[in-house]
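**Student:** this one's sequence-less:
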């Protein structure tokens, strides 16, 4: 889905508030969409860009159940009904792994430096941020929109010691306690269990009618 298809090209307008949601989306599920919409509303975002990863550096040994183009098609199908949601191929069209610092740099180059970027992550990812590539530079490129996750309570003081300035660069969006994961959905698919209502209907159709239909039960 091209930026121009959304009515306003962020690279040609004044400053916008742009959310960025990265991930393997293997597959994308309703939790991803609920989180993106929550961030959009609470942070008054003009756009949320979904960025399917070629392969996350944290999952190099795991691979993905669905191929790159299948995952891209599913993300496009999932966000189609929301005019504020768009999809970028910035990670899929370059070699793996997909490091967040590189993703943000490329998005800023593509859309423009004049915008305010908000990188949407779960609290479980925040506690691991110190192990990411150049976390101190990440918070210089985008604010962190951190979504609460069951069982994870970020220790902001510890994070601040490891990554100075992270507290001031973080917006904590509590209240959402979704416990839906792509890994659980993959297990259900492989075990022949229903994933209806866990993924959008258009995504379910792509899974049940696609090359991996044998796994969808």
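**Tutor:** That came through fine. Treat the numbers as computed from the prediction; the structure is a model and nothing was measured. Numbers count the residues shown, from 1 in each chain.

**Student:** going forward, measure contacts and count neighbours with C-alpha atoms only.
**Tutor:** Fine.

**Student:** Select the longest helix from this protein.
**Tutor:** The longest helix of the chain (DSSP state H) is helix 30-43.

**Student:** Would you mind pulling the contact partners of it?
**Tutor:** Helix 30-43 is contacted from outside by 19, 21, 45-48, 78-79, 120, 145, 147, 173, 176, 178, 180-181, 197-200, using Cα atoms under 8 Å, 6 or more residues apart in numbering.

**Student:** Tell me where the chain has strands.
**Tutor:** 17-23, 47-52, 85-87, 116-122, 143-147, 170-173 (DSSP state E).

**Student:** Any chance of JSON lines for those strands, columns mean neighbour count, distance to residue 157 and mean pLDDT?
**Tutor:** Shown next, in JSON lines, are the strands of the chain (neighbours: other Cα atoms under 10 Å; distance: least, Cα to Cα, whole Å; pLDDT from 0 to 100):
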{"stretch": "strand 17-23", "mean neighbour count": "22", "distance to residue 157": "25", "mean pLDDT": "97"}
{"stretch": "strand 47-52", "mean neighbour count": "24", "distance to residue 157": "29", "mean pLDDT": "98"}
{"stretch": "strand 85-87", "mean neighbour count": "22", "distance to residue 157": "33", "mean pLDDT": "98"}
{"stretch": "strand 116-122", "mean neighbour count": "23", "distance to residue 157": "18", "mean pLDDT": "96"}
{"stretch": "strand 143-147", "mean neighbour count": "23", "distance to residue 157": "16", "mean pLDDT": "96"}
{"stretch": "strand 170-173", "mean neighbour count": "17", "distance to residue 157": "13", "mean pLDDT": "94"}
